[in-house]
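A.B. asks: Mind folding the following:
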Amino acid sequence: MSTETLQFKTELKQLLHLIIHSLYSHKDIFLRELISNASDAIDTIRFESLTKPELLEDNAEWKIKLIPDEKAGTLTVSDNGVGMSKDSIVEHLGTIAKSGTRVFLENLKRADVKERPELIGQFGVGFYSSFMVADKVTVVSRTAGSKSDGVRWESDGQGEFTVEAVEKESRGTDVILHVREEDRHFLQAWELRQIVKKYSDFVEHPIVIDVEKDEDGKKTTVEETLNSRKAIWLRPKAQITPEEYNEFYKHLSHDYENAAKTIHYTAEGVIEFRALLYIPTHRPLDLMWGDSKKGLHLYIQRVFIMDDCEALLPSYLRFVRGVVDSPDLPLNVSREILQQSAPLEKIKSNLANKVLSTLDEMKRKEYDAYVTFYKELGVFLKEGVSQDWSNRERLADLLLFESTKTEAGTFTDLGQYVERMPADQKEIYYLIGEGRELIEQSPYLEGFKAKGQEVLLLTDPIDEFVAGALTEYKGKRLKAADKGEQDQAAIDEDKKKQFQPLLDYMKERSARSRMSACRTGSRRVRRAWSPTRGPWAPTWNG
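C.D. replies: Model prediction:
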């Protein structure tokens with residue numbers, strides 16, 4: 001077949017410039033996209049070979065190879081996946097967002113195939129991110145069959161592409177990027193390692209690169225695998241040791257301590273996702289100074305999408321660290337921004353429920369560990385009381401407070417408070433102040449102590465907002481001890497008991513003073529009756 005020049009479809013001509021220059025926020029994403037496409041191509045042929053083993057051509061050692069050539073200024077991303085024919089390469093690479101994977105899955109659905117490979121999207125929009133770093137891209141591909149069935153596709157991204165038949169030794173696809181001069185740093189092995197580690201470390205298939213090694217004075221070329229491939233969240237829990245969980249947590253969070261709790265969760269059904277979440281023992285570093293909005297790490301079939309996905313958990317649970325991997329979440333066209341959707345809200349709700357259930361179990365079964373956690377991170381749960389109305393009472397169950405019936409430094413919760421309430425008490429009382437010692441000196445507590453009623457001592461600045469948002473707990477209204485009418489009789493009786501010794505002392509002193517005065521007055525009266533002074537004329541000489 002002679003070289004054939006074709007025009008991109010109209011919509012691609014209109015949008016290609018936008019894709020290259022504006023769609024992606026970081027140039028290095030091009031490698032993530034090409035590796036994702038290569039991984040999908042391998043998954044597709046691996047699935048199809050289950051019923052057609054001849055497609056393998058004795059080539060089932062799956063791998064994705066990066067071949068940088070500094071002299072030629074090219075970077076090749078090669079795979080031994082399903083490959084493309086002339087028709088499919090024109091269809092896939094000549095139309096924007098024409099995903100081979102999407103068509104493949106639609107065909108499976110029509111065939112009523114229950115078990116499908118989980119794919120991201122072969123040669124969709126991501127392929128065109130190549131033009132961010134390349135002024136020309138060449139694709140050489142072949143499906144299973146004859147060596148002469150290969151096809152070469154080439155374009156500078158300006159509006160047209162060429163297609164010609166070529167021979168290709170092996171099945172699969174080679175994407176060759178002719179890298180611009182200013183982007184030649186992407187040809188350095190160390191930079192490729194970093195990009196793979198960042199975006200594709202958990203891709204199932206090995207991503208390899210040739211490196212030179214000096215062994216016994218002889219230089220040899222060996223393949224080095226760049227990705228760990230250990231997506232711990234995809235493995236069964238029974239196969240993972242506590243040490244492996246802790247190692248991954250420290251890698252993920254840069255924490256020096258083990259997590260307080262690990263949540264390994266798989267959801268199946270209407271919405272599918274896997275989650276590996278960690279509840280830290282102490283406040284994460286990014287929340288230590290300031291108020292970071294860093295969220296969970298989002299992956300789609302092992303491929304890293306973003307490390308600050310706030311939308312997967314309510315903001316008050318932003319201290320949770322972990323990974324969520326789901327094929328069902330819709331991304332924007334550049335796969336960098338998560339779109340609001342029903343599946344997203346479902347995942348968010350499930351994850352929040354799982355975290356709150358874990359904290360509740362921790363509080364019931366590992367109280368000391370929960371108190372340690374709460375002293376560090378309880379303020380975020382308090383924040384949730386005013387934010388998450390659907391989980392308000394569950395959050396209230398997790399709150400801890402000091403009270404007039406707890407020793408300094410020890411806590412009670414609202415459930416225990418209600419159990420201890422006298423039968424005639426209808427409200428939960430609290431008093432807000434800057435510290436326990438100051439609150440305990442408040443005269444407002446006197447009447448409650450007299451009646452044996454417990455008062456919660458709220459010393460955290462956020463507690464006033466918590467009390468205002470919670471308003472009631474299990475039918476008992478929360479009421480400030482320093483607001484509203486109080487039982488004056490009880491207060492008077494308490495004051496009487498408190499000051500009774502002083503009153504008794506003052507009464508005794510007063511009685512003694514009166515008796516002394518009377519004795520002194522009698523003597524003076526007697527002196528006034530002296531016979532030498534004449535008639536009876538008593539005089540008080542006070």
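A.B. asks: Low-confidence stretches in the stretch 1-150 of the chain?
C.D. replies: Within the stretch 1-150 of the chain, the ranges that satisfy pLDDT under 70 run 1, 9-25, 95-125.
A.B. asks: That should have said the chain, apologies.
C.D. replies: Using pLDDT under 70, the chain drops low at 1, 9-25, 95-125, 286, 288-294, 330-340, 484-499, 511-542.
A.B. asks: Would you confirm that Ser228 belongs to a helix?
C.D. replies: No - judged by DSSP: H, G, I helix; E, B strand; the rest coil, Ser228 forms no part of a helix; its state is coil.
A.B. asks: neighbours of it, just the number please.
C.D. replies: 13 (other Cβ atoms under 10 Å). No exception for glycine: its C-beta is placed from N, CA and C like everyone else's.
A.B. asks: how deep is the nearest residue to it once chain neighbours are set aside tucked in, by neighbour count?
C.D. replies: Distances taken as Cβ to Cβ, 6 or more residues apart in numbering put Asp201 closest to Ser228, at 5.2 Å, once the chain neighbours are dropped. Asp201 sits with 18 neighbouring residues when counted by other Cβ under 10 Å.
A.B. asks: what do you get for Ala311?
C.D. replies: 21.
A.B. asks: I'd assumed it was in a helix, is it?
C.D. replies: Yes - judged by three-state DSSP, Ala311 forms part of a helix.
A.B. asks: how about Pro68, what does it touch?
C.D. replies: Counting by Cβ atoms under 8 Å, 6 or more residues apart in numbering, Pro68 makes contact with 74-76, 186-189, 192, 209.
A.B. asks: can you do 10 Å?
C.D. replies: Applying Cβ atoms under 10 Å, 6 or more residues apart in numbering, we find Pro68 in contact with 74-76, 177, 179, 184, 186-189, 191-192, 209-210.
A.B. asks: what is it paired to in the beta sheet?
C.D. replies: Beta-bridge pairing for Pro68 (DSSP bridges): Leu75.
A.B. asks: now Phe401
C.D. replies: So, taking DSSP bridges as the rule, Phe401 has Thr412 as bridge partners.
A.B. asks: Surely it is in contact with Gly415?
C.D. replies: No - counting by Cβ atoms under 10 Å, Phe401 does not reach Gly415; the two are 11.4 Å apart.
A.B. asks: Which residue of these two possesses the greater neighbour count?
C.D. replies: Phe401 (21 against 12).
A.B. asks: check contacts around that one.
C.D. replies: 378, 411-414, 416-417, 430, 455-460, 463, 466.
A.B. asks: filter these to the buried ones?
C.D. replies: Among the contacts of Phe401, the ones that count as buried by 16 or more other Cβ atoms under 10 Å are 378, 411-414, 417, 430, 455-459, 463, 466.
A.B. asks: In a strand, Leu6, correct?
C.D. replies: Yes - Leu6 forms part of a strand when assessed by three-state DSSP.
A.B. asks: give me the element the spatially closest residue to it that is not a sequence neighbour is part of.
C.D. replies: Ranked by Cβ to Cβ, 6+ apart and with sequence neighbours excluded, the top spatial neighbour of Leu6 is Phe161, at 5.9 Å. Phe161 belongs to strand 160-166 when assigned by DSSP states H and E.
A.B. asks: can you pull the buried residues of that strand?
C.D. replies: For strand 160-166, by 16+ other Cβ under 10 Å, it's 161, 163.
A.B. asks: Check which helices and strands it is in contact with.
C.D. replies: When contacts are defined as 3 or more Cβ pairs under 10 Å, 6 or more residues apart in numbering; DSSP states H and E, strand 160-166 packs onto strand 4-7, helix 86-93, strand 134-142, strand 150-155.
A.B. asks: so which of these gets nearest Gly384?
C.D. replies: helix 86-93 (46.5 Å; Cβ to Cβ).
A.B. asks: still on that earlier bit, please determine how far the residue nearest to Leu6 is located from Trp153.
C.D. replies: Phe161 sits at a distance of 6 Å from Trp153 (criterion: Cβ to Cβ, to the nearest Å).
A.B. asks: cool, Asp424 as well?
C.D. replies: Taking Cβ to Cβ, one finds Asp424 at 85 Å from Trp153.
A.B. asks: Have a look at the two and say which one is more surrounded.
C.D. replies: Neighbours per residue, other Cβ under 10 Å: of Asp424 and Trp153, the larger number sits with Trp153, 23 against 7.
A.B. asks: Run through the bridge partners of the more buried one.
C.D. replies: Val139, Val163.
A.B. asks: how close does it sit to Ile271?
C.D. replies: Trp153 is 37 Å from Ile271, by Cβ to Cβ.
A.B. asks: Same check on Arg235?
C.D. replies: On the measure of Cβ to Cβ, Arg235 and Ile271 end up 21 Å apart.
A.B. asks: Look at those two and report which has more neighbours.
C.D. replies: Ile271 (17 against 14).
A.B. asks: Show the contacting residues for the residue nearest to Leu6.
C.D. replies: 4-8, 12, 89-90, 93-94, 137, 139, 153-155.
A.B. asks: hang on, the earlier thing: what's the overlap in contacts for Phe161 and Trp153?
C.D. replies: In contact with both Phe161 and Trp153: 6, 89-90, 93-94, 137, 139, using Cβ under 10 Å, 6+ apart.
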